[in-house]
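In: Based on what follows, work out the 3D shape:
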Amino acid sequence: MNWIERTTKKRIKELDEHPELNSNDFEQKGNTLMKNIKFYAIVILAAALVLALWYQWNHPEIDIFPFHFPILV
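Out: Reported below is the predicted structural model:
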């Protein structure tokens, strides 16, 4: 028995033990979770950018951004 057959039998056994893994609901839950993770990652990055800009405006002696934005000049 080669590794493909062993892996296939193992996967079929897992699917038989947990039928929710093969349902559309499981896929939709995963997609929803990934959308939430992406949203929160974007929110955290945007907050970090806002805080960095705020710090740049209030403490011009320390350059966080070596380039200058047209709004800051």
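
In: What segments of this protein are helices?
Out: Assigned by DSSP state H, the helices in the chain fall at 3-17, 24-58.

In: Tell me which of those helices sits nearest to Phe65.
Out: Closest approach to Phe65 among those is made by helix 24-58 (5.9 Å; C-beta to C-beta). Every residue, glycine included, has its C-beta placed from N, CA and C.

In: closest one to Pro66 among the helices of the chain?
Out: helix 24-58 (10.7 Å).

In: tell me how far the closest one is from the chain's mean position?
Out: With C-alpha atoms, centre = their mean, to the nearest Å as the basis, helix 24-58 stands 7 Å off its chain's centre.

In: Equivalent analysis for stretch 48-61, please.
Out: So, by C-alpha atoms, centre = their mean, the centroid of stretch 48-61 is 25 Å from its chain's centroid.

In: Show me what counts as buried in it.
Out: Of the residues in stretch 48-61, those buried by neighbour count under the rule 16 or more other C-beta atoms under 10 Å are Gln56.

In: Contacts for it next, please.
Out: Ile62, Asp63, Ile64, Phe65, Leu72 (C-beta atoms under 8 Å, 6 or more residues apart in numbering).

In: 6 Å instead, please
Out: Taking C-beta atoms under 6 Å, 6 or more residues apart in numbering as the criterion, the residues outside stretch 48-61 that touch it are Ile64, Phe65.

In: same question for that stretch, mean pLDDT?
Out: Averaging pLDDT along stretch 48-61 yields 86.

In: repeat for stretch 16-24
Out: Averaging pLDDT along stretch 16-24 yields 76.

In: Quick check: end-to-end length of that stretch?
Out: Taking C-alpha to C-alpha, to the nearest Å, stretch 16-24 runs 16 Å from one end to the other.

In: tell me how far it is from the chain's mean position?
Out: The mean C-alpha position of stretch 16-24 is separated from the chain mean by 25 Å, C-alpha atoms, centre = their mean.

In: for stretch 47-65, same thing?
Out: In terms of C-alpha atoms, centre = their mean, the centre of stretch 47-65 is found 25 Å from the chain centre.
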